[in-house]
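Colleague: have a look at this prediction, sequence included:
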Amino acid sequence: MADRADLRTYAREQTLLDTDDVADSILNTYLDRAVQIVATRFKWPFLETSTTFDSVIDQHVYNMPDDWTYTESITESTKNVRLRELSAQVVRQRYGDDPPTGDARAFYVYGEKLYLVEKPTQALTYNHFYRKSPTLFADDDATPEWDSNHHLFLAEYVIQQLWLREEDRQQAGDAQQRFEEGLGDLALFYLDRAADEPMVWGEWPDRIVGGNQGNMPWLNGV
């Protein structure tokens, strides 16, 4: 296990750059960026979470959780019925901005809002299974939220950025390769445990690690 201070120390040992050369705050920024890069690469199980929300009669639009990045599924909690996901384009072509009222049997996501289709005629509780934004380092004692045996490779991203500052592209390239290898090892660790994932997401058993996911507004500017 490595906390933020450990990762910074390792990066400095490998580059021989101290705080007079590069401030801790810059290394902290690099570490947060590394965590965000990790989050975008696969459908990590440690980013899966859920919440509930109550529908309001005749209300079509609902807010997303603050840490939301991508919706996996919506189920009605009493009957555990999964709502069908539609595209915003299809719904708006059919109904415009005012769908009919009835039982909510589907949903779509648009502009970081959740839309139920049709507009509910009764108040019900729904389960929202989604992928959250990654937890960044709050302080020097904070550690990454994944398996503790796969923390140290984050420092390789910091090392890469430090070597780029020093205009040593060979060393930077070597660090980038080690970072990518660490990411691959982390993916293999969770792939080996795919069978242990509970089927609460309403997906097929072989779904756990895939390609990049779109619709991640927190990544803007990275």
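Modeller: Received the coordinates, thanks.
Colleague: what are the boundaries of the strands in this structure?
Modeller: 48-54, 61-63, 68-76, 81-82, 84-85, 101-102, 106-110, 113-117, 119-120, 125-132 (DSSP state E).
Colleague: can you add mean pLDDT and give these back as TSV?
Modeller: Shown next, in TSV, are the strands of the chain (pLDDT from 0 to 100):
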stretch	mean pLDDT
strand 48-54	95
strand 61-63	95
strand 68-76	94
strand 81-82	90
strand 84-85	92
strand 101-102	89
strand 106-110	93
strand 113-117	94
strand 119-120	92
strand 125-132	95
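Colleague: how about the ones you listed in TSV, adding distance to V158 and mean neighbour count?
Modeller: Using the backbone N, CA and C atoms, a C-beta is placed for each residue, glycine as well. Shown next, in TSV, are those (distance: least, C-beta to C-beta, whole Å; neighbours: other C-beta atoms under 10 Å):
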stretch	distance to V158	mean neighbour count
strand 48-54	27	14
strand 61-63	36	13
strand 68-76	24	20
strand 81-82	42	15
strand 84-85	38	12
strand 101-102	54	12
strand 106-110	34	18
strand 113-117	36	20
strand 119-120	49	20
strand 125-132	24	19
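Colleague: what about the closest residue to D24 other than its chain neighbours, distance to W146?
Modeller: Leaving aside its sequence neighbours, D24 sits nearest to R8 (C-beta to C-beta, 6 or more residues apart in numbering; 6.2 Å). R8 sits 19 Å away from W146, going by C-beta to C-beta, to the nearest Å.
Colleague: which one's more surrounded, these two?
Modeller: Using other C-beta atoms under 10 Å as the criterion, R8 and W146 rank with R8 on top: 22 against 19.
Colleague: is Y62 bridged to anything, and to what?
Modeller: Counting by DSSP bridges, Y62 is bridged to L114.
Colleague: give me the pLDDT for the residue nearest the centre of the chain.
Modeller: For the chain, S133 is the residue whose C-alpha lies nearest the centre (C-alpha atoms, centre = their mean; 4.2 Å). The per-residue pLDDT reported for S133 equals 95.
Colleague: which residues touch the closest residue to A104 other than its chain neighbours?
Modeller: Spatial nearest neighbour of A104, chain neighbours left out: L116 (4.1 Å); criterion: C-beta to C-beta, 6+ apart. Residues near L116 by C-beta atoms under 8 Å, 6 or more residues apart in numbering: 55, 59-60, 62, 83, 104, 106-107.
Colleague: from I26, how far out is L116?
Modeller: Counting by C-beta to C-beta, the separation of L116 from I26 is 45 Å.
Colleague: also I159?
Modeller: Using C-beta to C-beta, I159 is found at 13 Å from I26.
Colleague: packing partners for the helix ranked longest in the chain?
Modeller: Criterion DSSP state H: the longest helix present in the chain is helix 169-191. Packing partners of helix 169-191 (3 or more C-beta pairs under 8 Å, 6 or more residues apart in numbering; DSSP states H and E): helix 24-41, helix 154-165.
Colleague: what's the angle from that helix to helix 154-165?
Modeller: Angle of helix 169-191 versus helix 154-165, following axes from the mean of the first three to the mean of the last three C-alpha atoms, to 10 degrees, is 160 degrees.
Colleague: which other residues reach helix 169-191?
Modeller: Residues from elsewhere that reach helix 169-191, judged by C-beta under 8 Å, 6+ apart: 14, 34, 38, 41-42, 44-46, 146-147, 149-150, 152-154, 156-157, 159-161, 163-164, 208-209.
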